[in-house]
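*Asks:* Predicted coordinates and the sequence they were generated for:
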Amino acid sequence: MLLIPCPWCGPRDEAEFHYGGQAHVPYPEDPAALSDEEWARYLFFRDNTKGPFAERWSHAAGCRRWFNAVRDTSSNEILAVYRTGEERPATAEPRPFVSQPRPQPARPALADEAPSGPKRGSGGGSPQDGTGRGGGGEAAFISGSAAGQPFRHPTRGRIDRDAPLTFSFDGTEYRGFRGDTLASALLANGVIHAGTSIKLGRPRGIFSAGVEEPNAVVQIEEPFPEPMLPATTVELYDGLVASSLPGQGRLATEPDPARYDAVHAHCDLLVVGAGPAGLAAAAAAARSGARVILADDQSEPGGSLLGTAEHLDWVREITGQLDTAPEVRVLRRTTVFGYYDDNHLVAVERRTNHLGAEAPDNVSRERVWRVRARRVVLATGAHERSLAFADNDRPGVMLASSARTYVNRHGVLPGRRAVVLTTNDSAYAAALDLTAAGLAVTAIVDTRPGPGEWTERARAAGIEVLAGHAVTGTEGEARLTTVTVAPYGESAGRREFAADLLLVSGGWNPVAHLFSQSGGRLRHDETLGSFVPDTCRQAVEVVGGASGVLDPATVLAQGAAAGARAVEAEGYTPEAPRLPEVAAQPRQTPPMHVYVLPGASDAPRFVDLQRDVTVDDLARATGAGLRSVEHTKRYTTAGTANDQGKTSGVLASGVVAELLGVDISALGTTTFRPPYTPVSFAALAGRDRGTLSDPVRTTALHHWHVAHGALFENVGQWKRPWYYPQDGEDMEAAVLRECAAAREGVAFMDASTLGKIDVQGPDAGVLLDRLYTNMMSTLKVGMIRYGVMCRPDGMVFDDGTVIRVAQNRFLVTTTTGNAAAVLDWMEEWHQTEWPELKVHCTSVTEQWATVALVGPRSREVLGSLAPRLAVANDDFPFMAWRQTTVAGIEARVCRISFSGELAYEINVSPWEALALWEALYEAGAPYGITPYGTETMHVLRAEKGYPIIGQDTDGTVTPQDLGMSWVVSKKKPDFVGKRSYARADNLRPDRKHLVGLLPEDPGAFLPEGTHLVADSVLPAPPVPMLGHVTSSYRSAALGRTFALALIKGGRNRIGERLYAPVGDQLVPVTVASPVLYDPEGARRDG
Amino acid sequence: MADTALTAPLRSPLSHVAGRLAAATRTSGGAIRLAELPFLAQLDVRLDAKGTAAEAVGLALGLQLPLQPNTVVRAGELTALWLGPDEWLVVGPPGGEREVESRIREAAGDEPVSVTDVSAQRTTLLVTGPRAHDLLAHGCSLDLHPRVFGSGRCAQTTLGRTQVVLVARDEPRAGFWVLVRSSFAGYLTDWLLDAATEYV
């Protein structure tokens, strides 16, 4: 969300502002002197500039001041704001893109300590073959609590072995521990096959250990159904029931009982990611006094260190500091999924998901955080990339670093016997660590011809290293059994390895999603072979793996420096945090940039596992002539699945680049859009659902209406009584009864919802004269006038009454739904066009409660309650108002009528409204006083031909079209709308006029919106339409149905017969005057 | 009949939810306190801040109308809130609106000053307690940290989906006044009580 700096209130969310179009387009000095074309140019034509553009804004939800802003229309950046009436400042330059501090040369190594020598088997037991569906193999590591989890490591991992959990997957019950994910618990039980591919139905296994997971996307069944969750992100809880999916899930059919909510947060520094870089950044800022938020998607801080089991003491130390620092908030289990303008980031915190059925009812299950940060440090890490080789999708193919995470974080061996396939050094550390944990790494297949120093370490650990080799195929159904290897690019010299695990590393992709969403540009890093953050206009820095830096010491230093820079820029003094000692790294060997491994096999080489997109599919796309990754994405659907191509995106770019014979740097990536990971609609909706989804406005009399059985109509946000059905009455009967009471006796309604604006000042009359079509300044104190407001194009915008309270004070009423718009309209003209007028407009809608007392007996009722008021017609004439007391309550009584009957509007303080209402109800009882609602009001006014603005008009209707030329002043030199009445289009004789319609069958009812045609037989299409019904009712007074309609040249058609197609009938109707009841106005004075 | 009405007590917009507000306050164990402050006198005052009326009105009220946006000035029983460069809301104890209005009008003399009684236009919710910030943060995008929105600050903004005027109360009582249009008050109360679910 943009921040717009109000010149008065400072930066506020854009939602507080209204847009007002191009600035510096003044109202012409003399509209009458303009030609139609010049006037149309003022009305309808505005610039549409790319780049800096001066425009008007109103701080509508704040100080209500209009001001001007120069906005860059291509970036939405606000370059300057200035007050109305001030000159446009010299065009400011857009904020420059700021380069990231250049990362150190990437060193693709993750381990900081030399692994010790070979310890194969030191964990006890020899590798067994898992079958992919569990139960396979003898339990290798059996300890008391790990019983039944044959792949559980006896000591490693951060799981709580004292907290066993029971869960079920695809109908089989398993056990795991607190600290497991569903994926790690499945692996512990020997289950790696966790799904079936969507198009080809191939078995798929757990592929990763994080949000990038393409395969193991499961359906949660208990405690509440939720589809398409990566098993690698589901924290295990007792009683979890899940099932594998054939590529797509099932939505719950029952309402979700959980609570979801949202909060706003502000900070000086938001650090995204609590890996080594993020922790270092937060630590540098933590004790400076700056407000810091550290958000991380895992259950505990540490990031990649949790997977490598390095520096965990340091993680604990820093986490402890952060948790106790007064202005620091650590958000665990919180995924920052969107990065918007002005450092507005949105995150979802999973607060009780991991508790399963234990989750407390009053704690929201998920919470959306809307964070406004002065500075942002992104430490979002990197995802390991896969490679496209034959049959690379079998269960047992896994990212190398993920396997290491399972061992170190979850205490699980993802297999027994592994082959490693790599193009870079990072997989060596994983292989060595896995070997140390007891997993048999048979061979490391390195595509590089001369892998270097790491090779020596691997060989020293007893691992065979096949330099300059590649995997050419795999075997195994439910689980990988065999890996075939050959010298790179050759078919001779093939060797087969028995393996239940093939660990792949095709390099690293910085997680640049949020940076890219922030508007940052990416550049291709040759060393890394991937895309890294480059420049950005927002106040953001990217550190660690996300910036393309993989060397641990550099990552830590870079994080700490970025955290320090951020808080320093906000005026705080950072503190150098303690960073862990990082042991010397083996000399690195550059990675090989390869995406598709050579091989003559016909077997599919998958690029996007979740969408079943292969290299051949991409070849068909490029063969069809597609040259952009955005196009190949749409053609093949690669990257469009639930995982949004986290492991496949850059791979797909690489494959397409190879197919096209271009460099990947020229091809780029597809666009990263929020959300980074899927977010449930329930979380996004939060509490904005059901009764809280939209404000409900009620009057001071609302509870009386409820108690008396009213049904309600929504008018804007107001709840207005619609009608008050008595026992057994339907709407038709109730409305006929209410109408009869108003026409024959007395009835009353709550009219408090009408908008009311106090207009005060010596120029109040001038302002109203300019805004209303008729003259208001000549109105006498004590009198009331009906008025119509139009837009400059002459179309009716609102209507209401104007009361002259005093020489310099008027009270304007507006339609219920338009009150705020009318006040804004008055402010807009006053502030932007006529600031010299000494006048102020203030909303007083809720300052007054209004009761309309209607009917021939209303005078008696009022008179009985207002002893000091002379109610006779001569004393208190139509369109006059009196200050008096009614039922002892101070009141302003207006003699106005929206029904044609003798009527009063009694205005009192809402604090006393109920007392007034009840007094009227009691005093009117002898006359059968009847409460009525909006439906009766509509019938009564329609019988008199009074239009409802917004129902009988639609923004294309002039006062003249409504037959109200009398309300348009001929004397005033100008008012808003006047010039348009002379436009040729407004003088057309075939403009639509508001007329009455009487169906020839007095019982025939025309639905609102019904069209009108000239002939009794429908001609072939297109059928010429004459107009449409805008209001339609049954009338007690007329004893028949009737309607109002806008009809071309309608006033010249009065008496004509037209036809209204209703269903398959053509209903004959007669065009009539819109005033169907009491056309002489005899009833007005009682 | 007229006499009956005369003695009828005034009904505030939130009189029907006083029990729910009190219950939430009670069950929160001190975390939050919610209550309506009904019938406060409220006057919308419009005048040229640079004109002579500003000073005269200030003298008459015994306080300087705040000129800095989004600040309040308190003196005695009166509080003046900045609403705009030429607009203030003067808030006082219940029943004082007429007296304060005439004081302002007399002080202004012939200067073009607008004074509008808006006492019933909005009602006031008291939101205090250690979790008051957290509660409002569920629906208010403004930074309400005491460093930013401490004593002496006010703001017109949105809370939930309603427009409100927020006023930071003076230390040490802290917490907020939330002034809300009367017609929205019931909805906002429902919203606040819902947002407080975790604290009560």
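*Replies:* Arrived safely. Residues are numbered from 1 along each chain as shown, chains lettered A, B, ... in the order given.
*Asks:* contacts and neighbour counts: CA atoms only from here.
*Replies:* Noted.
*Asks:* Give the closest residue to the residue nearest to the spatial centre of chain B in space, chain neighbours not counted.
*Replies:* Residue closest to the average C-alpha location in chain B (Cα atoms, centre = their mean): residue B:179, at 4.2 Å. Excluding the flanking residues, the one nearest residue B:179 by Cα to Cα, 6 or more residues apart in numbering or on different chains is residue B:124, at 4.4 Å.
*Asks:* now swap in residue A:149 and tell me
*Replies:* For residue A:149, ignoring the flanking residues on the chain, the nearest one in space by Cα to Cα, 6+ apart is residue A:189 at 4.4 Å.
*Asks:* least trustworthy helix or strand in chain B by mean pLDDT?
*Replies:* helix B:2-7 (a mean of 47; mean pLDDT, DSSP states H and E).
*Asks:* for chain B, what are the nearby residues on the stretch 751-900 of chain A?
*Replies:* Taking Cα under 8 Å from any Cα of the partner chain, the part of the stretch 751-900 of chain A that reaches chain B is made up of A:758, A:760-762, A:838-840, A:842, A:844-848, A:865, A:886-889.
*Asks:* same thing but at 7 Å, please
*Replies:* A:760-761, A:838, A:840, A:844-847, A:865, A:887-889 (Cα under 7 Å from any Cα of the partner chain).
*Asks:* Now do the SS call for residue A:1083.
*Replies:* coil (DSSP: H, G, I helix; E, B strand; the rest coil).
*Asks:* Oops, could you answer that again for residue A:62 instead?
*Replies:* Residue A:62 ends up coil, using three-state DSSP.
*Asks:* which element is the nearest residue in space to residue A:1027 that is not next to it in sequence on?
*Replies:* For residue A:1027, ignoring the flanking residues on the chain, the nearest one in space by Cα to Cα, 6+ apart is residue A:1047 at 4.3 Å. Residue A:1047 is located in strand A:1040-1048, with elements delineated by DSSP states H and E.
*Asks:* avg pLDDT for that strand?
*Replies:* Mean pLDDT, strand A:1040-1048: 98.
*Asks:* which helices and strands sit right next to that strand?
*Replies:* strand A:992-999, strand A:1027-1035 (3 or more Cα pairs under 7 Å, 6 or more residues apart in numbering or on different chains; DSSP states H and E).
*Asks:* Keeping just the C-alphas, turn stretch A:456-469 into PDB.
*Replies:* What follows is stretch A:456-469 as a C-alpha-only set of coordinates in PDB (Å, rounded to 0.1, in the frame of the first residue of the first chain):
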ATOM      1  CA  GLU A 456      40.100 -35.000  -1.600                       C
ATOM      2  CA  ARG A 457      38.000 -34.700   1.500                       C
ATOM      3  CA  ALA A 458      35.300 -36.900   0.100                       C
ATOM      4  CA  ARG A 459      37.700 -39.600  -1.000                       C
ATOM      5  CA  ALA A 460      39.400 -39.400   2.400                       C
ATOM      6  CA  ALA A 461      36.000 -40.200   3.800                       C
ATOM      7  CA  GLY A 462      35.800 -43.200   1.600                       C
ATOM      8  CA  ILE A 463      33.400 -41.800  -1.000                       C
ATOM      9  CA  GLU A 464      34.000 -42.600  -4.600                       C
ATOM     10  CA  VAL A 465      34.100 -39.300  -6.600                       C
ATOM     11  CA  LEU A 466      33.200 -39.600 -10.300                       C
ATOM     12  CA  ALA A 467      34.500 -36.400 -11.800                       C
ATOM     13  CA  GLY A 468      33.300 -35.400 -15.200                       C
ATOM     14  CA  HIS A 469      30.300 -37.800 -14.900                       C
END
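*Asks:* how distant is that stretch from the center of its chain?
*Replies:* Stretch A:456-469 sits 51 Å away from the centroid of its parent chain (Cα atoms, centre = their mean, to the nearest Å).
*Asks:* Residues contacting that stretch, please?
*Replies:* Residues outside stretch A:456-469 that contact it (Cα atoms under 7 Å, 6 or more residues apart in numbering or on different chains) are A:117-118, A:428, A:432, A:441-451, A:455, A:485-488.
*Asks:* Make JSON lines from the helices and strands packed on strand A:1040-1048 and add mean pLDDT to it.
*Replies:* Shown next, in JSON lines, are these (pLDDT from 0 to 100):
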{"stretch": "strand A:992-999", "mean pLDDT": "98"}
{"stretch": "strand A:1027-1035", "mean pLDDT": "97"}
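*Asks:* Of the ones you listed, flag the one that's most buried.
*Replies:* strand A:992-999 (a mean of 27; mean count of other Cα atoms under 10 Å in any protein chain shown).
*Asks:* Give the other helices and strands that it contacts.
*Replies:* So strand A:992-999, by 3+ Cα pairs under 7 Å, 6+ apart, packs with strand A:1040-1048, strand A:1065-1072.
*Asks:* tell me the contacts of the closest residue to chain B within the stretch 1-150 of chain A?
*Replies:* Using Cα to the nearest Cα, the single residue of the stretch 1-150 of chain A nearest to chain B is residue A:62, 4.6 Å away. By Cα under 7 Å, 6+ apart, the contact list for residue A:62 reads A:16, B:156-157.
*Asks:* okay, it: pLDDT?
*Replies:* pLDDT, residue A:62: 96.
*Asks:* Can you pull the residues of the stretch 1-150 of chain A lying near chain B?
*Replies:* A:8-9, A:61-63.
*Asks:* Looking at those, which one is closest to residue A:353?
*Replies:* residue A:61 (36.6 Å; Cα to Cα).
*Asks:* I figured the closest one was touching residue B:157, is that so?
*Replies:* Yes - Residue A:61 is within contact range of residue B:157, at 5.6 Å (criterion: Cα atoms under 7 Å).
*Asks:* could you point out which element follows the least confident helix or strand in chain A by mean pLDDT?
*Replies:* Within chain A, no helix or strand scores below strand A:98-99, which has a mean of 68 by mean pLDDT, DSSP H and E. Downstream of strand A:98-99, the first helix or strand assigned by DSSP H and E is strand A:160-169.
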